[in-house]
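Visitor: Structure for the following, please:
(one chain, ligands or ions: 1)
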Amino acid sequence: MSAVRHLAPAWRFTDRADGDLSITAEDVEARRRAVVDLPWTWLHQVHGSDVMVVGRPGEHAGQTADAAVTAVPGAAVAVQVADCAPVALLGPAGVGAVHAGWRGVVAGVVGAAVQRMRLLGPGAVRAVVGPCIRPCCYEFGTDDLDRVATALGDGVRARTSDGRPALDLPAAVQRSLAAAGVADVVDEGVCTACSPRHWSHRARGDRRRQALVAWLE
Ligand SMILES: [Zn+2]
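Guide: This next block holds a predicted model:
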């Protein structure tokens, strides 16, 4: 009797202890493999809304996009971040990784990735929002804030801890997920600018990056 193989979505948000996972980091491939020993599809991220569909392990590595999804066991999809939100999409048929900064969110990257996830197979898609910059630390120009609010509603407007206009990036991501029909969302609640365990481009000018990697196991 042969057993039916059930695949489970798996994901990891790295932190500083895992080392620099920026695409130009020296020995980054070895560092990736130390986190998850599978071929990674990493991306040249441009704050757009293109989504790569990965049909075999490592396919589309280094291509230009801001999200990747896969239904293939043994393929790892990844994004690298240091304030932008890493969003893991998890379903019974596949997994996805989304790089969600404010420009990408306005461009519709979250909804585009959810749509691609749904094409992988049936079953509810859920999401986990990883460490990203939070309104406490994300002072934001009012013109740009208006742009995000026009796209995603006034719920994205917030204040920094010292009372200045701020963008609530996780709220913008949540709003995008809700619009795409994803109701089961866990937000890890970590602010990269506040957290000593994470790199922050905005708060400390870090050029190093943490990663989100997702795979089926
Ligand atoms: Zn903060």
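Visitor: Where does the spatially most central residue of the chain sit: helix, strand or coil?
Guide: The centre of the chain sits closest to residue 86, judged by CA atoms, centre = their mean, with a distance of 2.3 Å. Three-state assignment for residue 86 (DSSP: H, G, I helix; E, B strand; the rest coil): strand.
Visitor: And the one 3 residues further on, by the same measure?
Guide: Secondary structure of residue 89, reduced to three states by three-state DSSP: strand.
Visitor: Am I right that it is in contact with residue 79?
Guide: No. With contacts counted by CB atoms under 8 Å, residue 89 stays clear of residue 79, the gap being 11.3 Å. Every C-beta, even on glycine, is put in place using the N, C-alpha and C of the backbone.
Visitor: For this structure, which segments are assigned as strands?
Guide: Taking DSSP state E, the strands of the chain run over residues 9-13, 40-41, 43-44, 51-54, 63-64, 67-70, 76-81, 85-90, 95-100, 126-129, 157-159, 165-167, 185-187, 210-216.
Visitor: want to throw those into TSV with mean pLDDT and distance to residue 113?
Guide: Putting the strands of the chain into TSV (pLDDT from 0 to 100; distance: least, CB to CB, whole Å) gives the following:
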stretch	mean pLDDT	distance to residue 113
strand 9-13	97	14
strand 40-41	98	13
strand 43-44	98	12
strand 51-54	98	5
strand 63-64	98	15
strand 67-70	98	4
strand 76-81	98	10
strand 85-90	98	6
strand 95-100	98	5
strand 126-129	98	10
strand 157-159	98	24
strand 165-167	98	20
strand 185-187	98	14
strand 210-216	98	11
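Visitor: and residue 19, which of those strands is closest to it?
Guide: For residue 19, the closest of those is strand 210-216, at 9.3 Å, according to CB to CB.
Visitor: what are the pairing partners of that closest one, and which direction each?
Guide: strand 9-13 (antiparallel), strand 76-81 (antiparallel) (DSSP bridges).
Visitor: In contact with the closest residue to residue 103 other than its chain neighbours: list those residues for me.
Guide: Once flanking residues are discounted, residue 103 sits nearest to residue 47: 3.9 Å by CB to CB, 6 or more residues apart in numbering. Contact analysis of residue 47 by CB atoms under 8 Å, 6 or more residues apart in numbering lists 66, 99, 101, 103, 104, 107.
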